[in-house]
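J.: got a structure for you, letters missing:
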Ligand code: FAD
Ligand code: UDP
């Protein structure tokens, strides 16, 4: 065999696995069907700005070992995600914190904010009685009360998921921090930032000295590729690997409308969410704010923005968010049972595990899979 590993997919999972394998003296070939490497963290440079082509990516982690690992490859900047919500022209800080409560109700202290939320919770508390919140609407009303639910959650969530909040699981909204301090940091993790030089710099470091092929679809060249490596690491969609024999897994996807503008600073923030029902997009990303701060924003007279439209996935579109419902979970379990029987093929990453991994757990899982594969 020419290679120890054929790695299908050059996203963070495949690239991290390849990096570790190379360090251990293994010979790898990494292929990707896209015209470039990096999977969903790939950035396209426009007007000197790194445009997050497959959706805005903010690295955050509570795992110091992963933070040290990525920083050993490329240093990270001090970007902290502080999205702003625009509800019919009213601006609110996110996540829900003392700034939001002040903007919503004019309250000045944590005690006043808690009292207002408690007042607004009384109706849902009575409705639920001893029962736990059964859906996202009930959960949101219990967490933050009616005003915030109606202005900042309901329509945004229904646009994002294409389903009523009463039909969505409660856990989705529990991802968002709720704080009675003035702190707009969207994440609770202690480590956060963007690689200096962009995500492509991180991918280049991971894949340094490793043979790669782009525009190479595994399924088009399967016969040849299966014969050139001892083992295969597959990071594409698991249902496709098995020719959809049990049926297709579902995803939500995002369509991006990206434009370059003749202004140095369009919205003053990397992320602005549009939380009303009427605006057809969920948010606008202004890419330069991930990597330039203060006066540096004005050094470039142009800016690039992307409007994000959330839609149901159809074959041919990019599969982004796994749909965590019972039907898909049961279908995935059938494919997983087949994958568990494979001896030459290892499965990993967001598509092969049908799991909404953030970047840090993706890297962690790739490191784990490599070390297990050596035992
Ligand atoms: P991918 O990056 O999807 O890579 C898989 C690769 O496999 C792709 O390049 C694909 O082309 C290739 N491939 C598939 N099939 C084949 C085939 N047949 N032949 C050859 N190649 C193939 N995480 C965060 O931590 N913070 C964020 O802010 C964040 N924002 C996100 C926003 C969006 C819109 C999305 C979709 C994800 C976001 N994530 C974020 C998650 C992050 O993208 C993932 O954790 C990470 O990219 C997973 O890496 P992966 O290698 O598993 O998958
Ligand atoms: N959410 C919301 N309003 C906002 C931002 C988020 O209601 O302005 C809700 C929405 O339901 C979303 C969930 O909070 O699915 C989790 O948000 P997060 O930003 O973590 O979603 P992601 O895009 O990362 O899945």
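T.: Perfect, thanks for sending it. None of these values were measured; they are calculated from a predicted model. Residues are numbered from 1 along each chain as shown. Ligands and ions are numbered 1, 2, ... in the order given.
J.: run through the neighbouring helices and strands of the one helix or strand residue 203 maps to.
T.: For residue 203, the enclosing helix or strand under DSSP states H and E is helix 199-206. The contact analysis (3 or more Cβ pairs under 8 Å, 6 or more residues apart in numbering; DSSP states H and E) places helix 199-206 against helix 12-23, strand 49-52, helix 64-73. Just so you know, the C-beta spots here come from the backbone N, C-alpha and C atoms, and that holds for glycine as well.
J.: and the gap between residue 61 and residue 178?
T.: Residue 61 sits 21 Å away from residue 178, going by Cβ to Cβ, to the nearest Å.
J.: hmm, back to that, quick one, the helix holding residue 203 and helix 12-23 angle?
T.: Following axes from the mean of the first three to the mean of the last three Cα atoms, to 10 degrees, one obtains 30 degrees for the angle between helix 199-206 and helix 12-23.
J.: and helix 199-206, does that touch ligand 1?
T.: No. For helix 199-206, no contact with ligand 1 is found by Cβ under 6 Å from any ligand atom; the gap never falls below 9.3 Å.
J.: and that helix with helix 64-73, angle?
T.: Angle, helix 199-206 to helix 64-73, by the same axes, to 10 degrees: 90 degrees.
J.: what's the helix or strand for residue 125?
T.: Applying DSSP H and E, one finds residue 125 within helix 110-128.
J.: in that helix, what's buried?
T.: For helix 110-128, burial by neighbour count (16 or more other Cβ atoms under 10 Å) applies to 113, 116-117, 120-121, 124.
J.: now tabulate those in JSON lines and tack on pLDDT and distance to ligand 1.
T.: Listed next are these as JSON lines, based on pLDDT from 0 to 100; distance: Cβ to the nearest ligand atom, whole Å:
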{"residue": "113", "pLDDT": "98", "distance to ligand 1": "28"}
{"residue": "116", "pLDDT": "97", "distance to ligand 1": "31"}
{"residue": "117", "pLDDT": "97", "distance to ligand 1": "28"}
{"residue": "120", "pLDDT": "95", "distance to ligand 1": "30"}
{"residue": "121", "pLDDT": "93", "distance to ligand 1": "30"}
{"residue": "124", "pLDDT": "94", "distance to ligand 1": "31"}
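J.: format those residues as CSV; extra columns: distance to residue 285.
T.: Output for the buried residues of helix 110-128, formatted as CSV (distance: Cβ to Cβ, whole Å):
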residue, distance to residue 285
113, 29
116, 32
117, 30
120, 31
121, 33
124, 33
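J.: what does the chain put close to ligand 2?
T.: So the chain meets ligand 2 at 85, 94, 152-153, 156-157, 160, 172-173, 175-176, 273, 275 (Cβ under 6 Å from any ligand atom).
J.: and those, which of them are buried?
T.: Looks like these have 85, 94, 152-153, 156-157, 160, 172-173, 176, 273, 275 buried, using 16+ other Cβ under 10 Å.
J.: out of these, which sit inside helices?
T.: Per DSSP state H, helices hold the following members of those: 156-157, 160.
J.: closest one of these to residue 185?
T.: When these are ranked by distance to residue 185 (Cβ to Cβ), residue 156 comes first, at 19.3 Å.
J.: need the pLDDT of residue 172.
T.: Per-residue confidence (pLDDT) for residue 172: 89.
J.: so who does the nearest residue to residue 26 once chain neighbours are set aside touch?
T.: Closest residue to residue 26 apart from its sequence neighbours, by Cβ to Cβ, 6 or more residues apart in numbering: residue 4 at 4.0 Å. Taking Cβ atoms under 8 Å, 6 or more residues apart in numbering, we find residue 4 in contact with 21, 26-28, 229-231.
J.: for PyMOL, what selects the buried ones among the residues you listed?
T.: Applied in PyMOL, the following selects the buried portion of the contacts of residue 4 according to 16+ other Cβ under 10 Å:
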select buried, resi 21+26+28+229+231
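J.: now, the contacts of residue 4 that are in helices?
T.: Reading helices off the contacts of residue 4 with DSSP H, I get residue 21.
J.: ok, the contacts of residue 4 vs ligand 2, which is closest?
T.: Each of the contacts of residue 4 was checked against ligand 2 using Cβ to the nearest ligand atom; the closest is residue 21, at 30.1 Å.
J.: just the closest of the contacts of residue 4 to residue 145, please.
T.: Proximity of those to residue 145 (Cβ to Cβ) peaks at residue 21, which lies at 51.3 Å.
J.: next, residue 268: secondary structure please.
T.: Secondary structure, DSSP: H, G, I helix; E, B strand; the rest coil: residue 268 is coil.
J.: quick revisit: and for the helix holding residue 125, what's in contact with it?
T.: Defining contact as Cβ under 8 Å, 6+ apart, one finds that helix 110-128 is touched by 98, 101, 105, 107, 138, 141-142, 144-147, 180-181.
J.: selection in ChimeraX covering whichever of the residues you listed are buried, please.
T.: The following ChimeraX line selects those of the contacts of helix 110-128 that are buried, judged by 16+ other Cβ under 10 Å:
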select :98,101,105,107,138,141,142,144,145,146
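J.: can you list the contacts of helix 110-128 in CSV and add distance to residue 8 and pLDDT?
T.: Output for these, formatted as CSV (distance: Cβ to Cβ, whole Å; pLDDT from 0 to 100):
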residue, distance to residue 8, pLDDT
98, 47, 98
101, 48, 98
105, 52, 98
107, 53, 98
138, 42, 97
141, 44, 97
142, 44, 95
144, 43, 96
145, 48, 96
146, 48, 96
147, 48, 97
180, 47, 98
181, 45, 98
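J.: farthest-separated two in the contacts of helix 110-128?
T.: Greatest spatial distance among the contacts of helix 110-128 (Cβ to Cβ): 138 and 181, at 26.0 Å.
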